[in-house]
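[1] Got a sequence here, can you model it:
(2 chains)
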Amino acid sequence: MDAFSAVLQGLPMTLTLTLSAFAIGIIGAVPLAVALTSPVAPVKLVARIFVDLVRGVPIIVWLFLLKFGIQIGTFKFNPVSAAIVGLGIVSVAYLAEIYRGGLQAVPRGQLEASHALGLPQSSTFFGVVVPQAFRIVSPSIATYLVGLLKDSSIASTIIVSEMVFQSQAFARQHPTVEGILPYILVGILYIGLSLPVAYLSRTLDARMRKAVFA
Amino acid sequence: MTWLAQWAGYLPQMMSGLGVSLLIAGISIAAGYPLGLALSMMVSAKNLAVRTLGLAVVEIGRGAPALVILYLFYYGLPKFGIAFESITAACLALTWNAAAYSSEIMRAGIQSVARGQTEASNALGISQRDTFFRVVMPQGMRSAIPGLMGVAIQMFQGTSLAYAIAVPELMKSAYNIGSQDFNYLQIFALAGICYAVISMPATWITVFFEKRLARHA
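    Predicted coordinates for the structure are as follows:
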């Protein structure tokens, strides 16, 4: 089980990358989602172009841009920070799009009822729309988290020692049949790691359906 | 302006890379859709063995990162004496990916067809085969179109991972140019633009189809 322990050595880094980028995304996507649904046309347009541009460029390009392209004075990204920032930017764009879908899925009647009750705009947004939107999008967020976990493997291309990088290292040292093991194990590990999140997503989905559509 | 002039100089070399990227994406989509349909039929088959096999292929194709599947084909299988050219390995890995994702989309599409269609078809005495291939599938595929287009875009972007096994695609061309004169910022920005000018309009077309289908649903 040498191969397995080699792969496991990369697990903490994989989780660090995934969770850090997810944290950046969850928070950074909030203002962007608001901009995407803004009634001010230029704000909406800029936000839309940003989201589509970030999603239109493969993650590996963002990582290479940050790792090799950015040099401000003596500052350069180290591999780990380039990976976290790169995956973070991509998460912001994807999650903003998910949030936007949720915000727009809240029935208009909720807004109208809130206005009719004389609630101020901020209470309408944070007290009425956001809680309902969150319920609607929580399964999609969980699905995105699984995607992000898999995408964190791309960090191995800029020499971040996460699970895939460790698998590569092991395979290179073992030119025999044993060398295929880490790839199989790491694949199983990714699937295994995504199972609890997928389960959570299904549970949330079922609860959401009961809460919103019942 | 210096950037534009440099970009113009880089562009011919980048275009050959882009050609390879499009080729890999095209092959993996062209092979992935029919395989996806086959997988979706396996997953909803009555035979337990067939169903389990289909499910395993789909879950691995969707659950493992594309990069891992790529390495499995390019670095893993040669240890058993099964070696591929890097571009072949990239096509195989992305085909698996495309087939797994599109099978789920097709299955959802087929399941979304109203039961009444099958019942009506049975009542008219149409054979089971024709019911599936002529009544249910065409309708199911229609609602699967936007999702399948999304898979195509995902595969095009996924070709960038083939850089990691030294396929001379867009990313690799960019890296080669960059390592000559160290203008990494310019060159990767240009690479990003090359990907974006294809992915962005493709996404807009997908959204357009999505809205159209939603209107007729």
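[2] and chain B, which of its residues are near chain A?
    B:59-60, B:63-69, B:71-72, B:75-77, B:79-80, B:157-158, B:160-161, B:163-164, B:171, B:174-175, B:178, B:184-186, B:188-189, B:191-192, B:195-196, B:199-200, B:203-204 (Cβ under 8 Å from any Cβ of the partner chain). Using the backbone N, CA and C atoms, a C-beta is placed for each residue, glycine as well.
[3] For the chain, just list every one of the helices.
    Defaulting to chain A. A:2-8, A:11-36, A:41-56, A:59-64, A:79-105, A:108-116, A:121-123, A:130-151, A:163-173, A:181-213 (DSSP state H).
[4] looking at chain B here, not the other one
    Per DSSP H, chain B carries helices over the ranges B:2-43, B:48-63, B:66-71, B:86-111, B:115-123, B:128-130, B:137-158, B:170-181, B:184-216.
[5] Mean neighbour count, these: which tops it?
    Of all the helices of chain B, helix B:66-71 carries the top mean neighbour count, a mean of 26, counting by mean count of other Cβ atoms under 10 Å in any protein chain shown.
[6] any idea how far the residue positioned nearest the centre of chain A lies from residue A:154?
    Taking Cα atoms, centre = their mean, the centroid of chain A lies closest to residue A:91, which sits 3.9 Å from it. Separation of residue A:91 from residue A:154 (Cβ to Cβ, to the nearest Å): 13 Å.
[7] Repeat that for residue B:191.
    15 Å.
[8] Same question for residue B:89.
    In terms of Cβ to Cβ, residue B:89 sits 17 Å off from residue A:154.
[9] With residue A:116 instead?
    49 Å.
[10] Pull up the residues of chain A that are close to chain B.
    A:52-53, A:55-58, A:60-62, A:64-65, A:68-71, A:150-151, A:153-154, A:156-157, A:164, A:167-168, A:171, A:175-180, A:183-184, A:186-188, A:190-191, A:194.
[11] just the buried members of those residues?
    Buried members of those, counted by 16 or more other Cβ atoms under 10 Å in any protein chain shown: A:52, A:55-58, A:60-62, A:64-65, A:68-69, A:150-151, A:153-154, A:156-157, A:164, A:167-168, A:171, A:179-180, A:183-184, A:186-188, A:190-191, A:194.
[12] for chain B, what are the low-confidence residue spans?
    The model of chain B has pLDDT under 70 over residues B:1, B:216-217.
[13] go with 50
    Applying pLDDT under 50 to chain B flags no residue at all.
[14] residues contacting residue B:39?
    Residues near residue B:39 by Cβ atoms under 8 Å, 6 or more residues apart in numbering or on different chains: B:54, B:57-58, B:99-100, B:103.
[15] try 10 Å this time
    B:32, B:53-55, B:57-58, B:61, B:99-100, B:102-104, B:106-107 (Cβ atoms under 10 Å, 6 or more residues apart in numbering or on different chains).
[16] Likewise for residue A:22?
    Contacts of residue A:22 by Cβ under 10 Å, 6+ apart are A:87-88, A:91, A:95, A:141, A:144-145, A:148-149, A:152.
[17] one more time with 8 Å
    A:91, A:145, A:148.
[18] Which of the residues you listed sits closest to chain B?
    residue A:148 (10.7 Å; Cβ to the nearest Cβ).
[19] Could you count how many residues lie near that closest one?
    By the criterion of other Cβ atoms under 10 Å in any protein chain shown, residue A:148 has 23 neighbours.
[20] was I right about it contacting residue A:86?
    No. Counting by Cβ atoms under 8 Å, residue A:148 sits too far from residue A:86 to count as a contact (11.6 Å).
[21] Against residue A:41, how distant is residue B:174?
    Residue B:174 is 35 Å from residue A:41, by Cβ to Cβ.
[22] per-residue confidence at residue A:214?
    pLDDT for residue A:214: 51.
[23] So for residue A:181, what's the nearest residue that isn't a sequence neighbour?
    Leaving out its chain neighbours, the residue that sits closest to residue A:181 by Cβ to Cβ, 6 or more residues apart in numbering or on different chains is residue A:3, at 3.8 Å.
[24] Next, count neighbours for the one you found.
    21.
[25] Also the one 4 residues further on?
    A total of 28 residues lie near residue A:7 under the criterion other Cβ under 10 Å.
[26] which residues touch it?
    Residue A:7 neighbours (Cβ under 8 Å, 6+ apart): A:163, A:166-167, A:170, A:182, A:185-186, A:189.
[27] Among those, which one lies nearest to chain B?
    residue A:186 (5.7 Å).
[28] show me what contacts the closest one?
    A:7, A:163-164, A:167, B:64, B:68.
[29] how about a cut-off of 6 Å?
    With contact set as Cβ atoms under 6 Å, 6 or more residues apart in numbering or on different chains, residue A:186 has these partners: A:7, A:163, A:167, B:68.
[30] my guess is the third one contacts residue A:182, does it?
    Yes. Under the criterion of Cβ atoms under 6 Å, residue A:167 makes contact with residue A:182 at 3.6 Å.
[31] List the beta-bridge partners for residue A:71.
    In this entry, residue A:71 is beta-bridged to residue A:76, by DSSP bridges.
[32] So it versus residue B:145, what's the distance?
    Residue A:71 is 44 Å from residue B:145, by Cβ to Cβ.
[33] got it, and residue A:169?
    43 Å.
[34] Can you give me the neighbour number for residue A:94?
    Residue A:94, neighbours per other Cβ under 10 Å, totals 21.
[35] Not counting its neighbours along the chain, what's nearest it?
    That would be residue A:144: by Cβ to Cβ, 6+ apart, it lies 5.9 Å from residue A:94.
[36] Could you measure from the one you found over to chain B?
    Using Cβ to the nearest Cβ, to the nearest Å, residue A:144 is found at 14 Å from chain B.
[37] what's the neighbour count on that residue?
    22.
[38] pLDDT value on it, please?
    95.
[39] just to revisit the earlier point, take the helices of chain B and lay them out in JSON lines including distance to residue A:125.
    Shown next, in JSON lines, are the helices of chain B (distance: least, Cβ to Cβ, whole Å):
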{"stretch": "helix B:2-43", "distance to residue A:125": "41"}
{"stretch": "helix B:48-63", "distance to residue A:125": "36"}
{"stretch": "helix B:66-71", "distance to residue A:125": "38"}
{"stretch": "helix B:86-111", "distance to residue A:125": "33"}
{"stretch": "helix B:115-123", "distance to residue A:125": "41"}
{"stretch": "helix B:128-130", "distance to residue A:125": "53"}
{"stretch": "helix B:137-158", "distance to residue A:125": "30"}
{"stretch": "helix B:170-181", "distance to residue A:125": "42"}
{"stretch": "helix B:184-216", "distance to residue A:125": "25"}
